[in-house]
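*Asks:* show me the folded form of this:
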Amino acid sequence: MKTPIPFYLEEILKRVRDNTDGEVADYIPELAEADPEKLGAAMCTTTGNVYSAGDDDVEFTIQSISKPFTYALALQELGLDRVREIVGMEPSGEAFNELSLNQEDHRPVNPMINAGAIAVTQLINGVDSEPEDRVECLRKFFSRLAGRELHIDNDTCASELDLSDRNLSLAHMLRNYDIIEDEAHDAVATYTQQCSIVVTVRDLAVMSATLSNGGRQPVTGEKILDADVCRLTLAVMSSAGMYDGAGRWMAEVGIPAKSGVSGGLIGLLPGQMGVATFSPRLNKEGNSVRGVDAFRMLSKDMGLHLMSTEERYGVAPIRNVEQDDNLTVFFLQGQLNFNAAETILHELADFDFDTSTVVLELSHVAGTHRIGRRMLKEGLRRIRESGFEIAVIDPNEILSNRTMSDGTEVPVGDHEDYQINGETIDIH
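*Replies:* Numbering: from 1, shown residues only. You can find the predicted model right below:
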């Protein structure tokens, strides 16, 4: 059985594909050449399962999505007190490249705007680090987060440096107030190379999931960041990651996120997953138009909003698996939300069935979310297409609507007569 999650991501992309609003970032020559029709999405769970759809292998520069990861590295290397000496943690309500600093102490207000990001970058590898050593430190760190070697797009970097007057103005202001020690040109060159690291949407999903997973890279298993560092980074992303659209984003989508002018967009749900989209057309705030639409749909469908009052966490969704000569029974429990359904489907896809019937036992499932129910039914349908009989034991009518995507219904077994090590379940 193939898990239906990539097909769900394809459906999301199909729903947003016709939106042609916005424009590519034409103020940077290399980005102006981007194909505006490219569209991809990826998801990585904290258990290390990666799913993707669309243009998931297209490479693009990470741009401002680098900011939260560099901030996390600075926190890891130096601690919060030292980092707060040069950058605040408050939302600015201003554009990402605004020429402004805190009036009282001249610090940038947060690390997600350009001034704050330039200041944070200068902390990496020590304030006395040579620029090339600092860049290599960042490249290696980003590569560990992605789980593969990443490289810098030198052409895009050069293109941006030719048009870096505004960032140079920010760097001169920061140097004037002793926020940074590097020469202004070195500071901007380092920051621009950081933004020119090349990624795919799958890389971004895995990198995001590392933050969501308390700093442990979910695919390689490497512990890269402390959990407190990830918590602080997510907190700043939630209030400032989408620039002057951050408040609206949190109200409508409700997850920590960060965008980049090449069209990338990441979002993550603590303890559950990292999600990324790629589509180059941008809105007036510099965020991907179709990416924002896709995240709105994902948040609504999957119940991802951090302020949701629905219960989302709990015990492992599979309590037990038992088999006899004729059937395999998965005993489920807890809340059946997206995260639980993904875990169940992944286990079903990998399970070596040697019986003719597969049954899901739902008597210990406390509640469900619509996407969890939908995914579970789709998984059952795919198991049936693989040649097995299917059924559910559902005394509490968790699946009140048992209709699957092909119009047929999930058969229901009689839980009162059911015995795993005796007579076979009565399938209606």
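*Asks:* what are the ranges of the strands in the stretch 301-428 of the chain?
*Replies:* Here the stretch 301-428 of the chain has its strands, by DSSP state E, counting those that start in this stretch, at 318-323, 327-336, 357-368, 389-393.
*Asks:* nearest to N401, of these?
*Replies:* N401 lies closest to strand 357-368 among the strands of the stretch 301-428 of the chain, at 10.7 Å (C-beta to C-beta). Glycine gets a C-beta too; all of them are placed from N, C-alpha and C.
*Asks:* wait, D293 touches V16, no?
*Replies:* Yes - the criterion here is C-beta atoms under 8 Å, and D293 meets it with V16 at 4.4 Å.
*Asks:* neighbour count: the two, which is higher?
*Replies:* Neighbours were counted for D293 and for V16 using other C-beta atoms under 10 Å; V16 has more, 21 against 18.
*Asks:* backbone dihedrals for that one, both of them.
*Replies:* Note on V16: backbone dihedrals following degrees, to the nearest 10 are phi -100, psi -10.
*Asks:* tell me which residues touch it, please.
*Replies:* L39, S279, R290, D293, A294, M297 (C-beta atoms under 8 Å, 6 or more residues apart in numbering).
*Asks:* what about 10 Å?
*Replies:* Counting by C-beta atoms under 10 Å, 6 or more residues apart in numbering, V16 makes contact with 39, 41, 277, 279, 288-297.
*Asks:* of the residues you listed, which belong to helices?
*Replies:* Residues of the contacts of V16 located in helices (DSSP state H): V289, R290, G291, V292, D293, A294, F295, R296, M297.
*Asks:* buried only: go through those for me.
*Replies:* V289, R290, G291, V292, D293, A294, F295, M297 (16 or more other C-beta atoms under 10 Å).
*Asks:* could you export those residues as JSON lines, including distance to D325 and pLDDT?
*Replies:* Formatted as JSON lines, these follow (distance: C-beta to C-beta, whole Å; pLDDT from 0 to 100):
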{"residue": "V289", "distance to D325": "56", "pLDDT": "96"}
{"residue": "R290", "distance to D325": "51", "pLDDT": "98"}
{"residue": "G291", "distance to D325": "50", "pLDDT": "97"}
{"residue": "V292", "distance to D325": "53", "pLDDT": "95"}
{"residue": "D293", "distance to D325": "50", "pLDDT": "96"}
{"residue": "A294", "distance to D325": "46", "pLDDT": "96"}
{"residue": "F295", "distance to D325": "47", "pLDDT": "95"}
{"residue": "M297", "distance to D325": "44", "pLDDT": "92"}
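*Asks:* ok, so of these, who is nearest D226?
*Replies:* F295 (27.3 Å).
*Asks:* that closest one is in contact with V289, isn't it?
*Replies:* No - applying C-beta atoms under 10 Å as the test, F295 and V289 come out as separate, 11.2 Å apart.
*Asks:* show me the shaky parts of the chain.
*Replies:* Confidence mapping of the chain against pLDDT under 70 gives the ranges 1, 92-100, 308-315, 415-428.
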